Structure formats: structure tokens, C-alpha cells
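A.B. asks: quick one, structure for this:
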Amino acid sequence: MSTSVNAQSSEEEFFLEVNNLSVRLPTGPSSEVHAVKNVALQVRPGERVGIVGESGSGKSVTGRAIAGLLPQSKRVKTSGSIRIDGKEYLGAPHKAWNDVRREKVSMIFQDPLSYLNPTMRVGRQVKEACRPDAAGNAPTDKDVYQYLELAGLTNVDTLAERFPFELSGGMRQRVLIAIALAKRPGLIIADEPTTALDVTVQAKVLESLDQSVTELGTSLIMISHDLAVVAELCDRVYVMLNGRIVESGPTREVFVNPREPYTEALLKSVRSLTVPGEELISYTAAITAAMAEEEQK
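C.D. replies: Residues are numbered from 1 along each chain as shown. Sure, this is the predicted structure:
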């Protein structure tokens, strides 16, 4: 495993290129789970990529590995390759990963209250994420307001003075988006960013994310069990099952003509993605049937 960041050619087709990524996590004193198995995926500059699959399929572990956010433990075993903006980072020193998260990759998590500082005003948290401008000037309140507005928030001068607990769930999630955008990263990884929100708020938050990513030209990885969200936002999709990528391709092609029984089962479990008049089967039944068919091969 490499312990340094090795520069390659500046002309890279992919902003992110993951090859043969495997992750083993401890589950007890002498046991472990093979959470990610030989995963390969790529993201081009400005591209939107979805990672879908049931809970426990390895989606979030993959996202955290890409962002260098797996637990710091000798029992967490990773192998393979993670190249970001032309450099290899898997096995790189902690400082190198800190630089990646400060300058190249941002992550938006599912529960904003767990990732926002409850004792710090919203504006200050966004300002701390802002990078200096090209001349090296420190960020200003105007910069903070710009990113809050870009994330779909209004009355930003007043909102910047509030604490996270004073905001609604949808507003807090938009603040996390603003923090991610303030770093002006090449890639944003959104891990189930709207799962805890009601449908109306979810749609508004996703619209804000869609518009802001488009405006900044940032690449996006959307990790979600919600296929409808991925179908609307993403250019390409990877389908995960038991830690592996079982199908990938352009989103429309995969969702309209799935090759794998597992992908077809996922699609049949979502009413908005089934053929009109086709019977909706339960999510659990769909997954169970697909896994049974895979085991018989």
C-alpha cells in the first residue's frame, strides 16, 4: 500500500478513478466484514454519478473511502487505488487526506445535526469552509451570503447569525450544502442527503443541490437508495449488491433496460419507475427474489 501522494500527468480524463477498491471493517474482537469488494468507478469533471443499492450494500463505505473518512484503525483494511485529480491517495498520510477534503472533495451527510457545530453560528461555519480568493484574501461575509444563497437559502444575513438548532431540517441540510460548496471542490459526495426530510422539502433541497453543482461545474456522487432521485440527477449510475458493483452505465439505459436481476428488482420496488399498470412488489420481496436468483447461477 502506498504511503505517499504521487503526482501524475495533469491531463486526466477522470477527476476520480477508483480501481479494485476493497474495504474490510471489524465487527468484533476477532471478526470482520468485507464491506467493499473490488469496486471500480470513475467520475469525469462536471459529471453526476449515482451509487444505488439496498442498505448494507456498501454504498456509504465506498463514499467514505473516497473521501478518506474511514475509521483510523489498523483493523480497517483497505486495498486498491483511489486517484483524485491525477494523484494516488489510498494509503496516503493523514495530512494529504486533510488537504484533499479542504481543496478537492466535500461530503454532504444524511444527518446535518451530527455534522454542524451546535455552539457555532451558521455564518461562521460556512466562512471557515471558504477558501481564500485567487489573490489570497480571506473570505468575507459577502462570500458567506453568496454560498448560502447558492444552496437555496433566503434572508441569509439573518440566517448566518443563527445556530443550527434554530433551523428546520431542510435549512440545516442546505447549510451543509453551502459548506460543501464553499470549499469550491472538484467533487461533492452526497450520502443520502435528503432521507430524513419530507417529500416537499426533499425536492427543494435537491433542486438547490442540482442548481449549485451546475453553476460551479462541480462533479457529484449521489449515494442513495432512492432510484427516482438518481434517475433525475445523475448522468451515470453504479448499482451495488453485497459490496460489489453488479451493473453500471448511463442512468437511462440502466433504468430502462437493466441487465441484472437485482437492478430489475430494485426498479420494480419503486412505483415511480415501474411501467404503468405493472404490479408494485415490496422492496424486501424484490431484493430477496433477486438474491435467490443470483445464488442459483
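A.B. asks: what about the longest helix in the chain?
C.D. replies: What stands out as the longest helix in the chain, according to DSSP state H, is helix 199-216.
A.B. asks: give me the secondary structure label for residue 135.
C.D. replies: Three-state assignment for residue 135 (DSSP: H, G, I helix; E, B strand; the rest coil): coil.
A.B. asks: just checking, what packs against the strand or helix carrying residue 267?
C.D. replies: The secondary structure element spanning residue 267 is helix 261-268 (assigned by DSSP states H and E). With contacts taken as 3 or more C-beta pairs under 8 Å, 6 or more residues apart in numbering; DSSP states H and E, helix 261-268 sits against strand 236-241, strand 244-250, helix 283-296. C-beta coordinates here come from the backbone N, C-alpha and C atoms, glycine included.
A.B. asks: in the helix or strand following the second one, what's buried?
C.D. replies: Yep, that's strand 244-250 we're talking about. Under the assignment DSSP H and E, the closest C-terminal helix or strand after strand 244-250 is helix 251-256. For helix 251-256, the neighbour count (16 or more other C-beta atoms under 10 Å) marks 251, 254-255 as buried.
A.B. asks: and stretch 188-195, by the same measure?
C.D. replies: 188-194.
A.B. asks: ok, of these, which one's closest to residue 26?
C.D. replies: Looking at the buried residues of stretch 188-195 and their distance to residue 26, the nearest is residue 191, at 21.2 Å (C-beta to C-beta).
A.B. asks: which other helices and strands contact the longest helix of the chain?
C.D. replies: Based on contacts counted as 3+ C-beta pairs under 8 Å, 6+ apart, the elements that helix 199-216 packs against are helix 141-150, helix 169-182, helix 227-233.
A.B. asks: report the angle between the longest one and helix 141-150.
C.D. replies: On the basis of axes from the mean of the first three to the mean of the last three C-alpha atoms, to 10 degrees, helix 169-182 is oriented at 120 degrees to helix 141-150.
A.B. asks: what does helix 169-182 contact?
C.D. replies: Contacts made with helix 169-182 from outside it, assessed by C-beta atoms under 8 Å, 6 or more residues apart in numbering, are listed as 106-109, 112-113, 115-116, 122, 125-127, 129-131, 139, 143-144, 147-148, 150-153, 159, 164, 167, 188, 193-194, 196-197, 201, 204-205, 208-209, 212, 216, 218.
A.B. asks: please indicate which of those residues are buried?
C.D. replies: Burial by neighbour count, 16+ other C-beta under 10 Å: within the contacts of helix 169-182 this picks out 106-109, 112, 115-116, 122, 125-127, 129-130, 139, 143-144, 147-148, 150-153, 159, 164, 167, 188, 193-194, 196-197, 201, 205, 208-209, 212, 216, 218.
A.B. asks: could you dump the helices and strands packed on helix 199-216 into JSON lines and include mean pLDDT and distance to residue 15?
C.D. replies: Formatted as JSON lines, the entries for the helices and strands packed on helix 199-216 read as follows, by pLDDT from 0 to 100; distance: least, C-beta to C-beta, whole Å:
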{"stretch": "helix 141-150", "mean pLDDT": "93", "distance to residue 15": "20"}
{"stretch": "helix 169-182", "mean pLDDT": "91", "distance to residue 15": "15"}
{"stretch": "helix 227-233", "mean pLDDT": "89", "distance to residue 15": "17"}
